[in-house]
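Q: Provided below are the primary sequence and the corresponding predicted coordinates.
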Amino acid sequence: MSRNKIPSVGFLFPVNYISSLCSLSLSSLSRNLTYLYSVRFVFPSSHGSVDLCLVLKSKILTVLHAGSTNKNAYKTLIAAGYTGVQVALAPNFEMGVSNKTPEFLKMNPIGKVPVLETPDGPIFESNAIARYVTRLQADNPLYGSSSIDYAHIEQWIDFGSLEIDANLGNWLRPRMGRGVYLPPAEEAAIAALKRALGALNTYLASSTYLVGHSVTLADIVMTCNLFMGFTRLMTKSFTSEFPHVERYFWTMVNQPNFKKVLGEVKQTDSVPAVQSAKKPAPAKESAKPKAKEEPKKEAKELAKPKAEAEEEEAPKPKPKNALDLLPPSKMILDDWKRLYSNTKTNFREVAIKGFWDMYDPEGYSLWFCDYKYNDENTVSFVTLNKVGGFLQRMDLARKYAFGKMLIIGANPPYKVKGLWLFRGPEVPEFVMQECYDMELYEWTKVDISDENQKERVSQMIEDQEPFEGEPLLDAKCFK
């Protein structure tokens, strides 16, 4: 509908209805015809028809309380674009502030957004709001043309919320520091998401839209849920496994009513790094009584020499790591790391030979590690992130260790194998205790008297490919 053209609706009334018309409440009329701008009443008479045109001023009757970048608010705004319903975003809305005010909490006691403020009362939950805005227009194509269309639209709304949105949230929240990050939990969320996207991909192989042959509310909700995935989590290497989902998403976001709300959409290039969850600040110790509250004590008894006070307040030196108490080794770990990093050519002749010349079996030990659950490594980038997270958590051992991690295989499931050089004769106890990933691997000490094991060490340091008959997906170094 053009914004410049005032639409009109004609009503034909018998003459004896004029008196009842005159008593019609204007507020009632405006409430029932909220989104009409002109109402035309036609009264037949012996002298022809009599026209009465009532023009209703355009006014905003619904206000959406949410941030302008909230993907759940997008559902309502896009639906409003299709229905012609006027929805205004609450001005100057600030998440964490606006949704904590008493006025907002009256609309939604738990303070979640979005909330739609209507003349008949507030509505919360984004899907409910989008449904309400859609139903404000009778015979709306967003809800299909039959009972089965309606059921299928509701089906895909639930699927998008429970199978797509929920798993994307379980993947994103811990990485943003809004929950405890646990790699097994992340893997489960991604596996469930992958299964859902696979089902959606199969369906979309023969369909442009989710229901029927035009955009419905199901497409709006599904696209807004996928929006978070495409823009924050799912890289091209991930979504390329679901080409029909890709085609569907880019088709939707480039529809005029979608683009007006979403703007230019760009797919993320990387998965966000894991952020630590915020820890509550420690409670402050209660203030000690002031000297004047104890008049019996003399000032000189309360005062301590400055040197003595500083000595008491000085932090105690941290206990030395047990590895620092080992006898000196002829192998200088930093020298080896420097040689490894600086050798660009003839790696076998320079770096590998240099390693064995430096290696001190008295002061260091070599270990092979094999991931116990390789059958779970079905998604390439998830496997790479798993290994990357392990290396991040090994940072506490950087002073005492060097490692190589190989991700092996051209196709899933991928194998993860590693080689580690540790200070001392055993895997350091503090690493075993503080890095939970260690329990996910089988650890085998290298016997350097065995030439086959020694050669395997050299191949892993060198990233030799193929390794044990298989190509490398990637190789990561801890140094």
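A: Done, it's in.
Q: switch to C-alpha atoms for all contacts and neighbour counts from now on
A: Will do.
Q: tally up the residues packed near Ala192, please.
A: Neighbourhood size, Ala192 [other Cα atoms under 10 Å]: 17.
Q: Leu172 too?
A: The burial count assigned to Leu172 is 23, neighbours taken as other Cα under 10 Å.
Q: what's the spacing between it and Asp324?
A: Separation of Leu172 from Asp324 (Cα to Cα, to the nearest Å): 39 Å.
Q: for Glu264, same thing?
A: Counting by Cα to Cα, the gap from Glu264 to Asp324 is 56 Å.
Q: show me what contacts the nearest residue to Phe422 once chain neighbours are set aside?
A: Nearest non-adjacent residue to Phe422, counting by Cα to Cα, 6 or more residues apart in numbering: Ala401, 4.7 Å away. Taking Cα atoms under 8 Å, 6 or more residues apart in numbering as the criterion, Ala401 is in contact with Leu333, Trp420, Leu421, Phe422, Arg423, Phe478, Lys479.
Q: buried stuff in stretch 369-376?
A: Cys369, Asp370, Tyr371, Glu376 (16 or more other Cα atoms under 10 Å).
Q: what of stretch 228-245?
A: Here stretch 228-245 shows Met228, Gly229, Phe230, Thr231, Arg232, Leu233, Met234, Thr235, Thr239, Phe242, His244, Val245 as buried, counting by 16+ other Cα under 10 Å.
Q: re the thing from before, can you pick the most crowded of the contacts of Ala401?
A: Per-residue neighbour counts (other Cα under 10 Å) across those peak at Arg423, which has 25 neighbours.
Q: tell me the spacing between the residue lying closest to that one once chain neighbours are set aside and Glu451.
A: What sits nearest to Arg423 in space, not counting adjacent residues and going by Cα to Cα, 6+ apart, is Tyr364, at 4.5 Å. Remark: distance between Tyr364 and Glu451 (Cα to Cα) = 18 Å.
Q: and if you look at Arg195?
A: Distance, Arg195 to Glu451, using Cα to Cα: 45 Å.
Q: okay, these two: which has more neighbours?
A: Legend: neighbour count by other Cα under 10 Å for Arg195 and Glu451, higher for Arg195 (14 against 10).
Q: so the more buried one sits in a helix?
A: Yes. The assignment for Arg195 is a helix, going by DSSP: H, G, I helix; E, B strand; the rest coil.
Q: please renumber so the chain begins at 37
A: In the new numbering, first residue 37, that becomes Arg231.
Q: show the pLDDT at it.
A: pLDDT for Arg231: 94.
Q: check Tyr217 too.
A: We have a pLDDT of 88 for Tyr217.
Q: and for it, the neighbour number?
A: Close neighbours of Tyr217, defined as other Cα under 10 Å, add up to 20.
Q: and it, backbone torsions?
A: Taking degrees, to the nearest 10, you get phi -90, psi 120 for the backbone angles of Tyr217.
Q: let me know the secondary structure of the nearest residue to it once chain neighbours are set aside.
A: In this structure, Tyr217 finds its nearest non-sequential neighbour in Pro210, 4.8 Å apart by Cα to Cα, 6+ apart. Under the three-state scheme (three-state DSSP), Pro210 adopts helix.
Q: residues contacting Pro210?
A: Val216, Tyr217, Leu218, Val310, Gln311, Ala313.
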